[in-house]
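K.L.:
Sequence and predicted structure are below.
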Amino acid sequence: MRIDGKRAVVTGAAVGIGRAIAQRLAAEGASVVVADIDADGGAETCALIGGDARFVQVDMRDDAAVTELMACQPHILVNNAGGGPSLQPCFPSASVERWSSSLDLNLRAPMLATQLALPAMQAAGGGAVVNISSTAGVGFGPHVSPEYSAAKAALIRLTVTLAPLAESHGVRVNCVVPDWVATERGLRERSELPADERGPELVPLPVLADAVVRFVEDDALAGRVVLLAREEAPFFLN
């Protein structure tokens with residue numbers, strides 16, 4: 001699918017990964033809707049992009065707000081909004097409201113946004129949905145935030161199980177699974193670790209943005225999931 005001239009919604013685009021994806025899609029000619037709860041960051045992203053980029057303040061855990069956002073009928077939807085794992089214990093020690101909020105943001109929100117986007121994409125003759133998961137959702141090792149890792153694992157499964165149905169309506173669904181990414185926060189947190197615990201360099205933002213663009217453009221990659229590991233070439237999980 002050609003990106004030029006298409007409308008793209010990128011959730012969680014006020015900073016970091018979402019900002020990099022929004023900028024890259026705009027550079028490819030998309031009209032970008034920057035969706036985020038952070039008004040200042042969202043406005044800054046739009047200023048960096050320029051052109052017809054616009055910001056919509058939205059809490060992706062709010063069904064009514066998500067419904068209003070998707071009324072813009074995007075051709076491209078990037079489900080990036082999500083919450084990183086807390087360093088404090090959450091599930092099972094925290095309240096139901098606390099860990100449920102993480103599930104709502106990291107899984108329920110992209111499910112709802114995708115559901116609302118599909119009819120308009122189908123009516124427009126096709127579209128693309130790209131989910132941003134995490135390596136926290138891959139493998140069998142422990143993780144500091146069980147509810148976060150469970151949601152990210154479910155997002156991968158949602159992608160591959162939904163893909164055949166969506167493709168029958170001309171819509172492709174894909175998933176990018178990045179390791180620790182070189183955002184400002186990621187670089188800062190890595191630098192604060194002891195030198196012997198830092199591990200390889202983090203995944204560069206342009207590499208992640210390239211993966212999203214490739215999924216949007218390449219009709220042959222419907223339903224595919226790509227893992228972006230630190231200091232390794234991207235590889236498909238399916």
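P.N.:
All right, it came through fine. Residues are numbered from 1 along each chain as shown.

K.L.:
Please look at residue 134 and residue 152 and confirm they touch.
P.N.:
Yes: when contacts are counted by Cβ atoms under 8 Å, residue 134 is listed as touching residue 152 (4.4 Å). All C-beta atoms are positioned from the backbone trio N, CA, C, and that covers glycine.

K.L.:
Identify the contacts common to those two.
P.N.:
Shared between the contact lists of residue 134 and residue 152 (criterion: Cβ atoms under 8 Å, 6 or more residues apart in numbering) are residues residue 82.

K.L.:
Out of the helices and strands in this protein, which is least certain?
P.N.:
helix 184-191 (a mean of 86; mean pLDDT, DSSP states H and E).

K.L.:
what residues does it touch?
P.N.:
In this structure, residues lying in contact with helix 184-191 by Cβ under 8 Å, 6+ apart are 15-16, 180, 198, 202.

K.L.:
Just the buried ones among those residues, please.
P.N.:
15-16, 180, 202 (16 or more other Cβ atoms under 10 Å).

K.L.:
can I get the CA coordinates of stretch 49-69 in CSV?
P.N.:
Once non-C-alpha atoms are left out, stretch 49-69 reads as follows in CSV (Å, rounded to 0.1, in the frame of the first residue of the first chain):
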residue,chain,number,x,y,z
ILE,A,49,6.4,17.0,11.7
GLY,A,50,4.9,20.2,10.4
GLY,A,51,2.5,20.2,7.4
ASP,A,52,-1.0,19.0,8.2
ALA,A,53,-0.1,16.8,11.3
ARG,A,54,-2.6,17.3,14.1
PHE,A,55,-2.8,16.3,17.7
VAL,A,56,-5.7,14.6,19.4
GLN,A,57,-5.6,14.3,23.2
VAL,A,58,-6.9,10.9,24.2
ASP,A,59,-6.7,8.5,27.0
MET,A,60,-6.7,5.1,25.2
ARG,A,61,-8.3,3.5,28.3
ASP,A,62,-11.4,5.5,27.7
ASP,A,63,-13.7,3.8,25.2
ALA,A,64,-15.6,6.9,24.3
ALA,A,65,-12.4,8.8,23.6
VAL,A,66,-11.0,5.9,21.4
THR,A,67,-14.3,5.8,19.5
GLU,A,68,-14.1,9.6,18.8
LEU,A,69,-10.5,9.2,17.7
